[in-house]
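Participant: based on what follows, work out the 3D shape:
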Amino acid sequence: MTIMGKISRTLFGIPSERAVFSRPGFAPEAWTRFQPVAHSLVEGYHATLEDSRFEKLVPRLTAFAPELHGFAYEGAGMGIAALDIIAPWKDRLTAFIDGPAGPHIYPTYVGVGLALARLHKDPEKYLTRLDPLLGWVVADGYGFHEGFFRRRKYVDQRAVPTHLSPYARRLFDQGLGRCIWFSSGGLVDLVTSIVTAYPRERHADIWSGVGTACAYAGGATREEVENLLEIAHPYRSLLASGAAVASQGRLRAGNMAEHTEMACQIFGRLTARQAADVANSAQENLPFNMHKPAYEIWHERMQEHFSALSLR
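Facilitator: Presented below is the predicted three-dimensional model:
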(Lines give C-alpha, C1' and ligand atoms only; values in the text may rest on other atoms or scores of the structure.)
Protein backbone atom coordinates (compact mmCIF):
# COMPACT_ATOMS: atom_id res chain seq x y z
CA MET A 1 0.00 0.00 0.00
CA THR A 2 1.32 3.48 -0.86
CA ILE A 3 1.57 6.27 1.72
CA MET A 4 -1.25 8.08 -0.06
CA GLY A 5 -3.18 4.82 -0.03
CA LYS A 6 -2.89 4.59 3.76
CA ILE A 7 -4.17 8.14 4.12
CA SER A 8 -7.03 7.56 1.67
CA ARG A 9 -8.05 4.29 3.34
CA THR A 10 -8.09 6.04 6.73
CA LEU A 11 -10.12 9.00 5.49
CA PHE A 12 -12.56 7.29 3.13
CA GLY A 13 -12.67 3.62 4.12
CA ILE A 14 -16.06 2.16 4.94
CA PRO A 15 -17.02 -0.33 7.66
CA SER A 16 -16.81 -4.03 6.97
CA GLU A 17 -19.52 -5.36 4.71
CA ARG A 18 -20.86 -7.42 7.62
CA ALA A 19 -21.39 -4.24 9.63
CA VAL A 20 -23.22 -2.58 6.75
CA PHE A 21 -25.57 -5.55 6.34
CA SER A 22 -26.28 -5.57 10.08
CA ARG A 23 -27.85 -2.11 10.01
CA PRO A 24 -31.49 -1.69 11.09
CA GLY A 25 -33.98 -2.72 8.45
CA PHE A 26 -31.77 -5.32 6.74
CA ALA A 27 -33.15 -8.84 6.55
CA PRO A 28 -30.80 -11.60 7.81
CA GLU A 29 -31.06 -13.15 4.34
CA ALA A 30 -29.38 -10.04 2.89
CA TRP A 31 -26.08 -11.21 4.34
CA THR A 32 -26.49 -14.92 3.71
CA ARG A 33 -27.46 -14.39 0.06
CA PHE A 34 -25.30 -11.41 -0.90
CA GLN A 35 -22.15 -11.70 1.19
CA PRO A 36 -19.92 -12.44 -1.85
CA VAL A 37 -21.38 -9.44 -3.68
CA ALA A 38 -20.80 -7.13 -0.72
CA HIS A 39 -17.30 -8.44 -0.15
CA SER A 40 -16.19 -7.96 -3.76
CA LEU A 41 -17.56 -4.41 -3.85
CA VAL A 42 -15.99 -3.33 -0.58
CA GLU A 43 -12.66 -4.97 -1.43
CA GLY A 44 -12.68 -3.33 -4.86
CA TYR A 45 -13.22 0.03 -3.21
CA HIS A 46 -10.52 -0.40 -0.59
CA ALA A 47 -8.07 -1.84 -3.12
CA THR A 48 -8.45 1.33 -5.18
CA LEU A 49 -7.89 3.60 -2.21
CA GLU A 50 -4.79 1.63 -1.28
CA ASP A 51 -3.17 1.71 -4.72
CA SER A 52 -5.04 2.98 -7.79
CA ARG A 53 -2.29 2.21 -10.30
CA PHE A 54 -4.00 0.00 -12.86
CA GLU A 55 -1.20 -2.53 -13.03
CA LYS A 56 -1.65 -3.10 -9.29
CA LEU A 57 -5.42 -2.64 -9.12
CA VAL A 58 -6.75 -4.77 -11.99
CA PRO A 59 -5.25 -8.07 -10.78
CA ARG A 60 -6.95 -7.51 -7.42
CA LEU A 61 -10.31 -6.84 -9.10
CA THR A 62 -10.11 -9.88 -11.36
CA ALA A 63 -9.04 -12.20 -8.54
CA PHE A 64 -12.71 -12.66 -7.67
CA ALA A 65 -14.96 -15.19 -9.38
CA PRO A 66 -15.87 -13.89 -12.87
CA GLU A 67 -19.54 -13.27 -12.06
CA LEU A 68 -18.42 -10.94 -9.24
CA HIS A 69 -16.10 -8.83 -11.40
CA GLY A 70 -18.77 -6.20 -12.02
CA PHE A 71 -19.20 -5.62 -8.29
CA ALA A 72 -15.44 -5.36 -7.81
CA TYR A 73 -15.33 -2.74 -10.58
CA GLU A 74 -18.26 -0.97 -8.96
CA GLY A 75 -16.18 -0.66 -5.81
CA ALA A 76 -13.22 0.50 -7.88
CA GLY A 77 -15.38 3.13 -9.58
CA MET A 78 -16.36 4.37 -6.15
CA GLY A 79 -12.72 4.55 -5.06
CA ILE A 80 -11.45 6.24 -8.20
CA ALA A 81 -14.23 8.84 -8.08
CA ALA A 82 -13.34 9.58 -4.47
CA LEU A 83 -9.68 10.03 -5.41
CA ASP A 84 -10.62 12.28 -8.34
CA ILE A 85 -12.64 14.48 -6.01
CA ILE A 86 -9.52 14.89 -3.85
CA ALA A 87 -7.24 15.50 -6.85
CA PRO A 88 -9.46 16.33 -9.87
CA TRP A 89 -6.54 17.30 -12.09
CA LYS A 90 -5.55 13.63 -12.44
CA ASP A 91 -8.89 12.48 -13.95
CA ARG A 92 -8.28 8.83 -13.15
CA LEU A 93 -11.87 7.94 -14.05
CA THR A 94 -11.56 8.77 -17.76
CA ALA A 95 -8.40 6.70 -18.04
CA PHE A 96 -10.08 3.86 -16.13
CA ILE A 97 -13.16 3.84 -18.40
CA ASP A 98 -11.04 4.14 -21.54
CA GLY A 99 -8.88 1.29 -20.26
CA PRO A 100 -9.61 -1.73 -18.04
CA ALA A 101 -13.08 -0.66 -16.89
CA GLY A 102 -14.47 -0.33 -20.42
CA PRO A 103 -16.24 -3.72 -20.36
CA HIS A 104 -17.62 -2.84 -16.91
CA ILE A 105 -18.68 0.76 -17.58
CA TYR A 106 -22.19 0.38 -16.14
CA PRO A 107 -21.20 -0.92 -12.68
CA THR A 108 -18.22 1.45 -12.63
CA TYR A 109 -20.57 4.40 -13.08
CA VAL A 110 -22.80 3.01 -10.34
CA GLY A 111 -19.72 3.14 -8.14
CA VAL A 112 -19.10 6.76 -9.11
CA GLY A 113 -22.61 7.54 -7.90
CA LEU A 114 -21.87 5.81 -4.60
CA ALA A 115 -18.82 8.02 -4.12
CA LEU A 116 -20.68 11.21 -4.98
CA ALA A 117 -23.35 10.39 -2.41
CA ARG A 118 -20.77 9.44 0.20
CA LEU A 119 -18.88 12.70 -0.29
CA HIS A 120 -22.07 14.80 -0.54
CA LYS A 121 -21.55 15.87 -4.15
CA ASP A 122 -24.34 16.66 -6.62
CA PRO A 123 -24.31 13.84 -9.22
CA GLU A 124 -25.83 16.00 -11.95
CA LYS A 125 -22.86 18.37 -11.88
CA TYR A 126 -20.65 15.46 -13.03
CA LEU A 127 -22.69 14.45 -16.08
CA THR A 128 -20.70 16.53 -18.55
CA ARG A 129 -17.57 14.54 -17.63
CA LEU A 130 -19.19 11.17 -18.32
CA ASP A 131 -20.44 9.09 -21.23
CA PRO A 132 -23.38 10.97 -22.81
CA LEU A 133 -25.64 7.91 -22.63
CA LEU A 134 -24.64 6.02 -19.50
CA GLY A 135 -23.60 8.99 -17.40
CA TRP A 136 -27.05 9.09 -15.85
CA VAL A 137 -26.25 5.79 -14.11
CA VAL A 138 -24.45 7.82 -11.43
CA ALA A 139 -27.85 9.04 -10.19
CA ASP A 140 -28.86 5.39 -9.78
CA GLY A 141 -25.72 4.68 -7.75
CA TYR A 142 -26.40 7.82 -5.71
CA GLY A 143 -29.89 6.55 -4.83
CA PHE A 144 -28.55 3.10 -3.97
CA HIS A 145 -26.08 4.61 -1.50
CA GLU A 146 -28.69 6.81 0.15
CA GLY A 147 -31.06 3.87 0.54
CA PHE A 148 -28.31 1.85 2.21
CA PHE A 149 -26.76 4.48 4.46
CA ARG A 150 -29.69 6.88 4.98
CA ARG A 151 -32.34 4.21 5.11
CA ARG A 152 -34.55 5.88 7.71
CA LYS A 153 -35.01 8.94 5.52
CA TYR A 154 -35.27 7.43 2.05
CA VAL A 155 -36.74 3.97 2.70
CA ASP A 156 -38.62 4.15 6.00
CA GLN A 157 -39.84 7.73 5.55
CA ARG A 158 -39.82 7.56 1.72
CA ALA A 159 -38.43 11.09 1.39
CA VAL A 160 -38.07 12.68 -2.05
CA PRO A 161 -34.55 13.94 -2.92
CA THR A 162 -35.74 17.43 -3.81
CA HIS A 163 -32.18 18.65 -4.46
CA LEU A 164 -32.20 16.56 -7.66
CA SER A 165 -33.97 17.35 -10.93
CA PRO A 166 -37.22 15.48 -11.67
CA TYR A 167 -35.48 13.07 -14.03
CA ALA A 168 -32.56 12.44 -11.68
CA ARG A 169 -35.13 11.59 -8.99
CA ARG A 170 -36.40 8.80 -11.22
CA LEU A 171 -32.90 7.32 -11.52
CA PHE A 172 -32.50 7.80 -7.78
CA ASP A 173 -35.62 5.67 -7.31
CA GLN A 174 -34.18 2.97 -9.56
CA GLY A 175 -31.18 2.91 -7.24
CA LEU A 176 -33.56 2.65 -4.30
CA GLY A 177 -35.16 -0.36 -5.99
CA ARG A 178 -31.80 -2.10 -6.21
CA CYS A 179 -31.11 -1.20 -2.57
CA ILE A 180 -34.47 -2.66 -1.51
CA TRP A 181 -33.70 -5.92 -3.32
CA PHE A 182 -30.34 -6.30 -1.59
CA SER A 183 -31.36 -5.15 1.88
CA SER A 184 -34.42 -7.43 1.78
CA GLY A 185 -32.28 -10.42 0.88
CA GLY A 186 -34.34 -10.97 -2.27
CA LEU A 187 -37.36 -11.97 -0.17
CA VAL A 188 -40.20 -11.15 -2.54
CA ASP A 189 -42.89 -10.52 0.07
CA LEU A 190 -40.62 -8.14 1.98
CA VAL A 191 -39.55 -6.37 -1.20
CA THR A 192 -43.18 -5.95 -2.20
CA SER A 193 -44.26 -4.55 1.16
CA ILE A 194 -41.52 -1.92 1.00
CA VAL A 195 -42.08 -0.93 -2.64
CA THR A 196 -45.85 -0.63 -2.38
CA ALA A 197 -45.54 1.65 0.65
CA TYR A 198 -44.17 4.37 -1.65
CA PRO A 199 -46.57 6.67 -3.52
CA ARG A 200 -47.86 4.94 -6.65
CA GLU A 201 -46.16 7.41 -9.00
CA ARG A 202 -42.77 6.12 -7.77
CA HIS A 203 -43.54 2.42 -8.20
CA ALA A 204 -42.47 2.05 -11.84
CA ASP A 205 -38.92 3.31 -11.32
CA ILE A 206 -38.45 1.41 -8.08
CA TRP A 207 -39.65 -1.84 -9.68
CA SER A 208 -37.28 -1.19 -12.57
CA GLY A 209 -34.39 -1.11 -10.10
CA VAL A 210 -35.66 -4.28 -8.44
CA GLY A 211 -35.65 -6.03 -11.82
CA THR A 212 -32.10 -4.96 -12.58
CA ALA A 213 -30.81 -6.11 -9.20
CA CYS A 214 -32.67 -9.42 -9.38
CA ALA A 215 -31.21 -10.14 -12.82
CA TYR A 216 -27.66 -8.92 -12.23
CA ALA A 217 -27.06 -10.05 -8.64
CA GLY A 218 -29.48 -12.95 -8.30
CA GLY A 219 -30.23 -14.08 -4.78
CA ALA A 220 -33.61 -15.73 -5.48
CA THR A 221 -34.87 -19.09 -6.67
CA ARG A 222 -36.83 -19.58 -9.87
CA GLU A 223 -40.03 -19.89 -7.84
CA GLU A 224 -39.30 -16.62 -6.07
CA VAL A 225 -38.55 -14.78 -9.33
CA GLU A 226 -41.76 -16.13 -10.86
CA ASN A 227 -43.62 -14.94 -7.78
CA LEU A 228 -42.02 -11.53 -8.17
CA LEU A 229 -43.29 -11.31 -11.74
CA GLU A 230 -46.79 -12.30 -10.67
CA ILE A 231 -46.87 -9.60 -8.00
CA ALA A 232 -45.34 -6.86 -10.15
CA HIS A 233 -46.94 -7.97 -13.44
CA PRO A 234 -48.20 -4.46 -14.35
CA TYR A 235 -44.54 -3.45 -14.47
CA ARG A 236 -43.37 -6.46 -16.47
CA SER A 237 -41.82 -4.39 -19.27
CA LEU A 238 -39.75 -2.54 -16.68
CA LEU A 239 -38.57 -5.76 -15.04
CA ALA A 240 -37.70 -7.17 -18.47
CA SER A 241 -35.84 -4.01 -19.48
CA GLY A 242 -33.84 -4.11 -16.26
CA ALA A 243 -32.94 -7.72 -16.94
CA ALA A 244 -31.93 -6.84 -20.50
CA VAL A 245 -29.54 -4.16 -19.25
CA ALA A 246 -28.08 -6.64 -16.76
CA SER A 247 -27.60 -9.21 -19.53
CA GLN A 248 -26.05 -6.67 -21.88
CA GLY A 249 -23.52 -5.70 -19.21
CA ARG A 250 -22.64 -9.28 -18.37
CA LEU A 251 -22.21 -10.27 -21.99
CA ARG A 252 -19.99 -7.27 -22.62
CA ALA A 253 -17.84 -8.26 -19.66
CA GLY A 254 -17.89 -11.98 -20.55
CA ASN A 255 -19.27 -13.07 -17.17
CA MET A 256 -22.83 -14.27 -17.80
CA ALA A 257 -24.51 -15.79 -14.73
CA GLU A 258 -27.21 -18.43 -14.47
CA HIS A 259 -29.46 -16.13 -12.45
CA THR A 260 -29.27 -13.48 -15.19
CA GLU A 261 -30.30 -16.04 -17.79
CA MET A 262 -33.19 -17.13 -15.58
CA ALA A 263 -34.44 -13.59 -14.96
CA CYS A 264 -34.37 -12.76 -18.69
CA GLN A 265 -36.42 -15.85 -19.48
CA ILE A 266 -38.98 -15.18 -16.76
CA PHE A 267 -39.36 -11.40 -17.13
CA GLY A 268 -38.97 -11.06 -20.89
CA ARG A 269 -39.55 -14.56 -22.32
CA LEU A 270 -36.16 -14.33 -24.02
CA THR A 271 -32.75 -15.85 -23.49
CA ALA A 272 -30.14 -13.61 -21.93
CA ARG A 273 -28.43 -13.12 -25.30
CA GLN A 274 -31.72 -12.22 -26.96
CA ALA A 275 -32.52 -9.76 -24.17
CA ALA A 276 -29.09 -8.16 -24.58
CA ASP A 277 -29.79 -7.84 -28.32
CA VAL A 278 -32.94 -5.87 -27.42
CA ALA A 279 -30.83 -3.53 -25.29
CA ASN A 280 -28.23 -3.16 -28.04
CA SER A 281 -30.82 -2.49 -30.74
CA ALA A 282 -32.54 0.11 -28.59
CA GLN A 283 -29.24 2.02 -28.39
CA GLU A 284 -28.94 2.42 -32.15
CA ASN A 285 -29.30 5.96 -33.55
CA LEU A 286 -30.23 7.51 -30.22
CA PRO A 287 -30.83 11.28 -30.45
CA PHE A 288 -28.77 13.37 -28.05
CA ASN A 289 -30.38 16.74 -28.69
CA MET A 290 -33.93 16.02 -27.55
CA HIS A 291 -35.77 17.51 -24.60
CA LYS A 292 -35.34 14.20 -22.79
CA PRO A 293 -32.10 12.33 -22.02
CA ALA A 294 -30.95 9.67 -24.47
CA TYR A 295 -30.83 7.29 -21.52
CA GLU A 296 -34.59 7.68 -21.06
CA ILE A 297 -35.26 7.16 -24.78
CA TRP A 298 -33.16 4.00 -24.64
CA HIS A 299 -35.23 2.61 -21.79
CA GLU A 300 -38.51 3.62 -23.41
CA ARG A 301 -37.57 1.69 -26.55
CA MET A 302 -36.81 -1.42 -24.52
CA GLN A 303 -40.05 -1.12 -22.58
CA GLU A 304 -42.04 -0.73 -25.79
CA HIS A 305 -40.42 -3.87 -27.18
CA PHE A 306 -41.23 -5.95 -24.12
CA SER A 307 -44.75 -4.51 -23.85
CA ALA A 308 -45.45 -5.59 -27.43
CA LEU A 309 -43.85 -8.99 -26.83
CA SER A 310 -46.08 -9.72 -23.85
CA LEU A 311 -49.20 -9.23 -25.97
CA ARG A 312 -48.38 -12.07 -28.37
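
Participant: would you confirm that Q248 contacts A279?
Facilitator: Yes - the pair Q248 / A279 is scored as a contact, 4.0 Å apart, by C-beta atoms under 8 Å. Using the backbone N, CA and C atoms, a C-beta is placed for each residue, glycine as well.

Participant: the nearest residue to G77 once chain neighbours are set aside is in what secondary structure piece?
Facilitator: Nearest non-adjacent residue to G77, counting by C-beta to C-beta, 6 or more residues apart in numbering: G111, 2.7 Å away. In this structure, G111 sits in helix 105-118 according to DSSP states H and E.

Participant: worst mean pLDDT across the helices and strands of this protein, which element?
Facilitator: helix 3-12 (a mean of 45; mean pLDDT, DSSP states H and E).

Participant: can you pull up the most central residue in this structure?
Facilitator: Residue closest to the average C-alpha location in the chain (C-alpha atoms, centre = their mean): V110, at 5.2 Å.

Participant: packing partners of the helix or strand just after the least confident helix or strand of the chain?
Facilitator: Heading C-terminal from helix 3-12, the first helix or strand you meet, by DSSP H and E, is helix 17-20. For helix 17-20, the elements it packs on are helix 28-50, judged by 3 or more C-beta pairs under 8 Å, 6 or more residues apart in numbering; DSSP states H and E.

Participant: what about the closest residue to K90 other than its chain neighbours, which SS state?
Facilitator: Of all residues beyond its chain neighbours, the one nearest K90 is D84 (6.6 Å), with distances taken as C-beta to C-beta, 6+ apart. Following DSSP: H, G, I helix; E, B strand; the rest coil, D84 is assigned to helix.

Participant: count the neighbours of D84 for me.
Facilitator: Applying other C-beta atoms under 10 Å, we find 21 residues neighbouring D84.

Participant: need phi/psi at A159.
Facilitator: Dihedral pair for A159: phi -70, psi 150, per degrees, to the nearest 10.

Participant: give me the number of neighbouring residues for it.
Facilitator: 12.

Participant: so what's it closest to, chain neighbours aside?
Facilitator: Spatially, and ignoring its direct neighbours in sequence, A159 is nearest to K153 (4.8 Å; C-beta to C-beta, 6+ apart).

Participant: from V160, how far out is that neighbour?
Facilitator: Using C-beta to C-beta, to the nearest Å, K153 is found at 10 Å from V160.

Participant: then R273?
Facilitator: Distance from R273 to V160, counting by C-beta to C-beta: 38 Å.

Participant: ditto for L41
Facilitator: Distance of L41 to V160, computed by C-beta to C-beta: 27 Å.

Participant: between those two, tell me which one has more neighbours.
Facilitator: More neighbours surround L41 than the other of L41 and V160, with 29 against 13 (other C-beta under 10 Å).

Participant: was I right to think that one contacts F71?
Facilitator: Yes - between L41 and F71 there is a contact under C-beta under 8 Å: 4.5 Å.

Participant: so where's the stretch 201-312 of the chain shaky on pLDDT?
Facilitator: 310-312 (pLDDT under 70).

Participant: can you give me the helices for it?
Facilitator: In the stretch 201-312 of the chain, the helices defined using DSSP state H, counting those that start in this stretch lie at 203-217, 222-231, 236-253, 258-268, 272-282, 294-310.

Participant: next, M290: phi, psi?
Facilitator: phi -90, psi 170.

Participant: what's the closest non-adjacent residue to it?
Facilitator: I297 (6.8 Å).
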